[in-house]
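>>> Below are the sequence and a predicted model; questions follow.
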Amino acid sequence: MKRRPLHTLLALALATSFVACDKKPDPTVKPPADPAKSTPAEPVKTTEPGKPVEPPKTTATEPAATPAKVSAISATYGFAAMLPKDVEGFSVNYRLHDLWVKLAGSNWAKTLLNIPGLKDDPKFQEAIQKWNSPEAEKGKAIFEALLGNEIVAAEPAGFTGKFLPWVNLIGELQGIQMQHLLMTGMSGGQPPDPTKIFRDAAPEIIPSLLKCDIPPVLLAFKAVKSKADIDGGLAMVTAQLGAKLPPGVTFGNFKVADKYDFTNITLDAAKLVEAMQEEKIRAQLAELIGNEGKAKEAVESLKKKRIEIAWGWVGDYLVLSLGSDHAHVKLAGSVADSALAIAPVARRAAQFADKQPLGFGYASVAMQEKLHGKIEFADKFKKLSDELTTLLKPEAIAAMQADVRKFEGKVQSLASRKFDPLVSVGYWEAGLRGEAFGGGQQTQFDTGKPLAFASLFTKTVFIFANGRTNPADNGKMADLLEDGAVILWGWYEKFGKTMVPESERAGATMIEAMGVPMVKDVWASSRKLAKALGDESAFVLDLNGTMPKMPMIPAEIADGKIARIAWVAELKDRAGVSAAWGGFEKVIKQLAAFSPEGKLPDPVMKKDGDLEIHSIELPMPTDDLLPHIAISKDRWILSTSPTLSKEIASKAAAAGTPLGAEGRIQFPALCDFADAWMKIADRDPNGPFKGEQGGTYRAIANDVIRLVRAIQSVEWRVFSEAGENRESVWLKLEDIK
């Protein structure tokens, strides 16, 4: 599968991680505009356990910002207002140094640096001293200038066209790996010579490599505060390089917009090939490719290659360019002609300007479509399978290739996607928030109504995931997997059986006779169960379970808490569930026949009101630790705790804003769980918090829990607004008091 671009949100999350942990409002951030006058993204209203959570409110149908409004906010978005409007994509990070300073001055950072053991570590203290030394100040100043104010990565017009050959080359290399695996499997586990495989693939790999050019890329850094130091460093590097340039490498100069001076280093492959003896290179390629004419074509293609690196100052920005030339190094004539004026970009830029974004990004529809590409593997399989002529007859190979071609069409049909322009915004508000507008349309989720299972999220839940699939897509992936399995089994029956060694045929026949029917029964029952259950399901990892009263459980931890796990789905067809269970039960009894006892305990069903709890009786009582299936009038639950199942069955459906899916990780629940166990450890006379070092260990544990508790939660949601896909991520942070 071809790669899709990553939007700014991920890079921003990795870059800032735990910044700005204080609860006080950031004085550099303006308050949200009056909702009556504009519609900036608002915070999630509440994460109070058990209550529905509203996603950020935005307006997908808000008209694009006017040229005057775009001009008014251009200073907020810096270099994005200088990029030309035909840019394919860009991402910008802002004010990362300010965030780092806030982190360094937070109570969270102070607590981390004063953890017993860490603050007394000589190597750690030595590193801190070096970091704060006068010698490090200049380096930190340059680092701050390059990465701390504004960092821009832009894909100019033509980027995708030059990037796709690299994707295809990666596909060719993956094909070689597939060939290696296929040949190993078909030869009974004897791996072929990898050198021979690569040499055999050279006629395809070398032309693919020669189709690759350096894609045009622009990087910009708002680094004017360190301009003199940066220019001095660049001058030193260019002077050193200029004294020993290899053949074909030259320095040059050019102007951008008739006023900005740029320096470039260019590698001309033709001159390099000439210096390295063209005839010798052609002879080596002819040996690899196996064709003198194609080797000559390859050398001519190689001679046309150019690589250019350029740099220069555009106002406050140090701009770096990479590509085969510098034709893409150009600026917008005005803000109205810039990337900031692209309709969806302008709309979101104006909407979030008051938030003082930390990150802002855009990817065009054309870029997303081309990079997403098609899933193609039939041609690669044909090349691989053509090598099997020593093992299979030509008609068998042709039949396999036809099967794969047909299967490829089904995969492409299922994986096809439509795209909208993607705009992503990152900003700070009680933590790090990211909003994505557009991008690949989320047809796999039904976003038309609230998620009923949102009410299952309580203060003791550590991990929670909830989603509703699109009924139109239900079963399609299972159908595809089934088709693939049928093809593979058909190959085995038609071509593979004859290749099984005589000594292993009896075992293979027994597996076919006993194992295959069981696999089919399990699969058929799974399909029946999926059809009997509804479209919404949820996963719950709760940390409020009670320790089972068992002889091997020490009395001192008897009141400890344990994790409880449940997966719950809507129940649509009770009779269908019973039919599915009949198939599973048949397989279970067949497997039980191989056990020493010859059978498994019979299932037990207990009723608690309207809730049925189905389980297998264990050799000893385990109280509330009991794997089981629970069925209520409208829910099907697979759980480790009957008490948790009762709680799930009793919760009313949530109401609120329509959502397609959400996921939450709640760290205070984990910290409460740890606190409870630490109190138990405190009572243990031989526990880790006793003895000479016990107090130190207890202090370290306390500090670690306080640090983790400050990471309040991670929340992710998928929903729709006026037909546009929306994703929202919130890393909720709160400084230590």
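Structure received. Numbering: from 1, shown residues only.

>>> Who are the packing partners of the longest strand seen in the chain?
The longest strand of the chain (DSSP state E) is strand 533-546. Where contact means 3 or more Cβ pairs under 8 Å, 6 or more residues apart in numbering; DSSP states H and E, strand 533-546 is packed against strand 461-468, strand 561-571, helix 642-650, helix 667-683. To be clear about C-beta, it is placed using only N, CA and C from the backbone, and glycine gets the same treatment.

>>> any weak-confidence spans in the stretch 301-450 of the chain?
Scanning the stretch 301-450 of the chain for pLDDT under 70 picks out no residues.

>>> picking up where we left off before, make JSON lines out of the helices and strands packed on strand 533-546 and add distance to Lys225 and mean neighbour count.
Putting the helices and strands packed on strand 533-546 into JSON lines (distance: least, Cβ to Cβ, whole Å; neighbours: other Cβ atoms under 10 Å) gives the following:
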{"stretch": "strand 461-468", "distance to Lys225": "44", "mean neighbour count": "21"}
{"stretch": "strand 561-571", "distance to Lys225": "51", "mean neighbour count": "19"}
{"stretch": "helix 642-650", "distance to Lys225": "57", "mean neighbour count": "20"}
{"stretch": "helix 667-683", "distance to Lys225": "37", "mean neighbour count": "17"}
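
>>> Export the ones you listed to TSV and append columns for distance to Ala580 and mean pLDDT.
Output for the helices and strands packed on strand 533-546, formatted as TSV (distance: least, Cβ to Cβ, whole Å; pLDDT from 0 to 100):
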stretch	distance to Ala580	mean pLDDT
strand 461-468	21	97
strand 561-571	12	97
helix 642-650	19	96
helix 667-683	33	94
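
>>> Report the buried residues of stretch 315-324.
By neighbour count with 16 or more other Cβ atoms under 10 Å, stretch 315-324 contains the buried residues 316-324.

>>> Which secondary structure elements does the helix or strand hosting Ala508 sit against?
Using DSSP states H and E, Ala508 maps to helix 505-532. When contacts are defined as 3+ Cβ pairs under 8 Å, 6+ apart, helix 505-532 packs onto helix 476-491, helix 574-592.

>>> weakest of these by average pLDDT?
Of all the helices and strands packed on helix 505-532, the minimum mean pLDDT falls on helix 574-592 (a mean of 87).

>>> Downstream of that helix, the next helix or strand is which one?
Assigned by DSSP H and E, the successor of helix 574-592 is strand 603-608.

>>> in its sheet, what does the following helix or strand past that following strand sit against?
For strand 603-608, the succeeding helix or strand toward the C-terminus, using DSSP H and E, is strand 611-616. Applying DSSP bridges to the sheet, strand 611-616 is found paired with strand 603-608 (antiparallel), strand 628-631 (antiparallel).

>>> Show me what the shortest one is in contact with.
It refers to strand 628-631. Strand 628-631 is contacted from outside by 571, 574, 577, 611-615, 636-640, 642, 645-646, 648-649, using Cβ atoms under 8 Å, 6 or more residues apart in numbering.

>>> In PDB, could you pull the C-alpha coordinates for it?
C-alpha atoms of strand 628-631 as PDB (Å, rounded to 0.1, in the frame of the first residue of the first chain):
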ATOM      1  CA  HIS A 628     -17.700 -15.300  31.000                       C
ATOM      2  CA  ILE A 629     -20.300 -14.100  28.400                       C
ATOM      3  CA  ALA A 630     -23.100 -12.000  29.700                       C
ATOM      4  CA  ILE A 631     -26.300 -11.200  27.700                       C
END
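
>>> right, and the helix or strand after it?
Using DSSP H and E, the next helix or strand after strand 628-631 towards the C-terminus is strand 635-639.

>>> May I see the buried residues of the helix holding Ala508?
Those would be 521, 525, 527-529, 531-532, for helix 505-532 by 16+ other Cβ under 10 Å.

>>> Strand 635-639 and that helix, what's the angle between them?
When axes from the mean of the first three to the mean of the last three Cα atoms, to 10 degrees is applied, the directions of helix 505-532 and strand 635-639 differ by 130 degrees.
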